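Asker: how would this look folded up:
(chains A, B and C)
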Amino acid sequence: MPESDDLFVREDPIFTNKELLEISHLPDEGRIVGRDEEISHLANAVNPAIFGQSPSNVLIYGKTGTGKSLCAKYISRRLVETAEEEDINAVFAYVDCAQDTTETQAVQTIASSVNTEETDIYIPDKGISTATYYKRLWRLLNEEYDVALIILDEIDKLEDDAILMQLSRAGEAGKVTDCKIGVMGISNKIKYKDRMDERVKSSLCEREFVFPPYNASQLNKIMTARSDAFRKGVLQDAVIPRAAALAAREHGDARKAIDILRYAGEIAQTRGTETVREEFVVQARERAEIDRFRELIRGSTPHSRYVLQALTVLSLDQQREDGGVENSGFRTTRIYDVYEQICRQEGTDALSLRRVRDLLKEHAFLDILEQTRHSGGSAEGSYTEHTLLEDPEVVKNVLEDTVE
DNA sequence: AGTCCACTGGAACGAGGGGATT
DNA sequence: AATCCCCTCGTTCCAGTGGACT
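Answerer: As a prediction, the model looks like this:
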């Protein structure tokens, strides 16, 4: 047995508490930086709930990584605690609408997260009608709670307004009599409100808040607050300011900033260096970018990838021809032709043009590509052009090594 | 003011799959 | 076992759409 058997590291030389750098990690009070005003406004809006009265319905806007979900969850948790002290039985449910896009899935999530073991109500994962989920949810609320706060994150990903309608009408329609319901909608698209049904809009948007992006110094504080994820003295002084500056330039996304910090640490780990160096930050950002993209297309069907591949091939060709000067999009039909070729190579039948249009739209929804309508005028018809938003090389690499 | 055209996107439909209820 | 219910993925059909050009 050799003395320095370094196959496994017994003690992590870089991290002490890596959990602090997970996105899902909910910091304690005092660790939420630069959102004091937002938090107090939010608290104010839901305050009546503490006395068992109806909280205001709120809509929160803001780009990704501006602390919307974080603050909403934090407020809800505190609300439930405070209400308890007043002998009010409050509860909150968190729905990630990107995950639960249909009405049924969303009600199911609400009902099952509000449910406890003590009740005799059973909420199955699937198999029952939407109406049944509602019935059970109403019963749960009536029997168990005085106030319920429902957080709908990424509310713009919801297919329709049906659930909003139901939630806002539940009281009026006499479905829920013994429980007050408050809805907290979170969206990163300002224009979301325009697509909403007029009736839903008026009841749901009693209060609106906009979360601005973090600036470099706030990002700096956010990362500093979590820097005890690292062993003492491991982080070089310039790392956090550098990462903050980088992330601030890219829309002030705190999630990205923290990702960069984590990756920088991981780079130090794999390299076996004693400290996290400033130059790791740039590489970390690149890695974060690739990972984010991989996450986006993970789970997409083969044809969805072929379509993306077709666009990538076209983009790369164009770059090669003019050195990346031109950055115009490609017509759907043009992409479809390349897509058909790819299908032939892969030995599968191509999907219909109609279906491919939808697949492209899905990618546009994930901000992988951008669609713009054009009209060629007389005898040219109108058409859509698609432009890849990611670096084609990155896309190509990710597509190639996720063949599995 | 109307024409023209390639493309768009809504609608209706159905196969196949998973699960609950009675 | 029969009957409901919902979801995903895909199809075909077809009434618009937009704007340069007559």
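
Asker: pLDDT below threshold where in the stretch 101-250 of chain A?
Answerer: Within the stretch 101-250 of chain A, the ranges that satisfy pLDDT under 70 run A:194-195.

Asker: In it, which residue sits closest to DNA strand B?
Answerer: A:G127 (2.5 Å; C-beta to the nearest atom of the strand). The C-beta positions use only the backbone N, C-alpha and C, and glycine is treated the same way.

Asker: how much space between that residue and A:I110?
Answerer: Distance, A:G127 to A:I110, by C-beta to C-beta, to the nearest Å: 17 Å.

Asker: what's the answer for A:A284, then?
Answerer: 37 Å.

Asker: can you list contacts of the longest helix belonging to chain A?
Answerer: Secondary structure assigned by DSSP state H gives helix A:302-322 as the longest helix of chain A. Residues outside helix A:302-322 that contact it (C-beta atoms under 8 Å, 6 or more residues apart in numbering) are A:297, A:300, A:326, A:330, A:334-336, A:338-339, A:341-343, A:346, A:348, A:351, A:355-356, A:359-360, A:362-363, A:368-369, A:386, A:388, A:392-393, A:395-396, A:399, A:402.

Asker: quick check, A:T348 in a strand?
Answerer: No. Counting by DSSP: H, G, I helix; E, B strand; the rest coil, A:T348 is not part of a strand but coil.

Asker: Now for it: which residues touch it?
Answerer: A:P302, A:H303.

Asker: Need the pLDDT of it.
Answerer: With respect to pLDDT, A:T348 has a value of 91.

Asker: ditto for A:E326
Answerer: 63.

Asker: and stretch A:39-48, which residues are buried?
Answerer: A:I39, A:H41, A:L42, A:A43, A:A45, A:V46 (16 or more other C-beta atoms under 10 Å).

Asker: Kindly report the same for stretch A:112-121.
Answerer: Within stretch A:112-121, the residues scored as buried using 16+ other C-beta under 10 Å are A:S112, A:V114, A:N115, A:I121.

Asker: Please apply the same query to stretch A:246-259.
Answerer: Under the neighbour-count criterion of 16+ other C-beta under 10 Å, stretch A:246-259 has A:L246, A:A247, A:A248, A:G252, A:D253, A:A254, A:R255, A:K256, A:A257, A:I258, A:D259 buried.

Asker: neighbours of A:T312, just the number please.
Answerer: If you count neighbours by other C-beta atoms under 10 Å, A:T312 ends up with 23.

Asker: separation between it and A:E393?
Answerer: 9 Å.

Asker: rewinding a little: looking at A:G127 and A:I110, which one has more neighbours?
Answerer: Per other C-beta under 10 Å, whichever of A:G127 and A:I110 has more neighbours is A:I110, with 26 against 6.

Asker: give the contact list for the nearest residue to the more buried one once chain neighbours are set aside.
Answerer: Nearest non-adjacent residue to A:I110, counting by C-beta to C-beta, 6 or more residues apart in numbering: A:A93, 4.5 Å away. A:A93 makes contact with A:T109, A:I110, A:S113, A:V114, A:A148, A:L149, A:I150, A:I151 under the criterion C-beta under 8 Å, 6+ apart.

Asker: now A:S69
Answerer: Here A:S69 is in contact with A:I151, A:D153, A:I186 (C-beta under 8 Å, 6+ apart).

Asker: now, which of the residues you listed sits nearest DNA strand C?
Answerer: Distances from DNA strand C to the contacts of A:S69, taken by C-beta to the nearest atom of the strand, are shortest for A:D153, at 17.2 Å.

Asker: The closest one - how many residues pack around it?
Answerer: 22.

Asker: Looks like it contacts A:V95 (just checking).
Answerer: Yes. Between A:D153 and A:V95 a contact is recorded at 6.6 Å, counting by C-beta atoms under 8 Å.

Asker: Okay, and A:S168 sits in which element?
Answerer: helix A:162-169 (DSSP states H and E).

Asker: ditto for A:A148
Answerer: strand A:147-153.

Asker: now for that strand, which elements pack on it?
Answerer: helix A:68-85, strand A:90-96, helix A:103-114, helix A:162-169, strand A:180-187 (3 or more C-beta pairs under 8 Å, 6 or more residues apart in numbering; DSSP states H and E).

Asker: what's it in contact with?
Answerer: By C-beta under 8 Å, 6+ apart, strand A:147-153 touches A:46, A:49, A:52, A:55, A:68-69, A:72-73, A:76, A:79-80, A:83, A:88-98, A:106, A:110, A:114, A:141, A:158, A:163-164, A:167, A:179-186.

Asker: go again using 7 Å as the cut-off
Answerer: A:46, A:49, A:52, A:55, A:69, A:72-73, A:76, A:79, A:83, A:88, A:90-97, A:110, A:114, A:141, A:167, A:179-186 (C-beta atoms under 7 Å, 6 or more residues apart in numbering).

Asker: Can you show me the strands along chain A?
Answerer: Per DSSP state E, chain A carries strands over the ranges A:58-62, A:90-96, A:147-153, A:180-187, A:207-211, A:330-331, A:369-375, A:382-388.

Asker: Distance to A:F293 added to the ones you listed, as CSV?
Answerer: Compiled in CSV, the strands of chain A are given as follows (distance: least, C-beta to C-beta, whole Å):
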stretch, distance to A:F293
strand A:58-62, 22
strand A:90-96, 20
strand A:147-153, 21
strand A:180-187, 23
strand A:207-211, 25
strand A:330-331, 20
strand A:369-375, 12
strand A:382-388, 11
